[in-house]
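# fold the stuff below for me.
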Amino acid sequence: MDDGTYNYGIGDLVLCRYEFDYLYYPTYLNNSSETFYIGIVIDYKENQVVFFDREIVYQILCTDGNRRYFAKWEMVIIRKA
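Below is the predicted model of the structure:
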């Protein structure tokens, strides 16, 4: 984690994209027709281990009705709450 602060707050509208390449799972093998998701931050988990480092993992309620989890480097803010 770079500075220990939260970049996104609950209620923020965000654009998210999984980066499968760092999991040795190329993006072209993804079965989903979408390469990105738009949703609202509804929760976050502190101190989750992501690649040998402690990170904040955000739970996003996507516009398709599913809840997904993203690390902060997979998210871009569209609008603050």
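# buried set for whichever strand in the chain runs longest?
Criterion DSSP state E: the longest strand present in the chain is strand 37-50. Within strand 37-50, the residues that count as buried by 16 or more other C-beta atoms under 10 Å are 37, 39-41, 44. Placement of C-beta: from N, CA and C, glycine included.
# contacts for it, please.
Strand 37-50 is touched from outside by 6, 8-17, 54-64, 67-68, 71, 78, with contacts defined as C-beta atoms under 8 Å, 6 or more residues apart in numbering.
# mind checking which of those are in strands?
Reading strands off the contacts of strand 37-50 with DSSP E, I get 13-16, 54-62, 67-68, 71, 78.
# so how many other residues sit close to the closest residue to Thr35 other than its chain neighbours?
Sequence neighbours aside, Arg17 is the residue nearest to Thr35 in space, at 6.2 Å (criterion: C-beta to C-beta, 6 or more residues apart in numbering). Arg17: 14 surrounding residues under other C-beta atoms under 10 Å.
# same thing with Glu74?
20.
# please apply the same query to Leu15.
14.
# secondary structure class for Trp73?
helix (DSSP: H, G, I helix; E, B strand; the rest coil).
# show me the contacts for it.
If you count contacts by C-beta under 8 Å, 6+ apart, then Trp73 has Glu19 around it.
# follow-up on the earlier one: wouldn't the residue nearest to Thr35 be in contact with Arg68 here?
No. Taking contacts as C-beta atoms under 8 Å, Arg17 lies outside contact range of Arg68: 10.8 Å.
# so who does the residue nearest to Thr35 touch?
Contacts of Arg17 (C-beta under 8 Å, 6+ apart): 35-37, 74.
# the same query, at a cut-off of 7 Å, please.
35-36, 74 (C-beta atoms under 7 Å, 6 or more residues apart in numbering).
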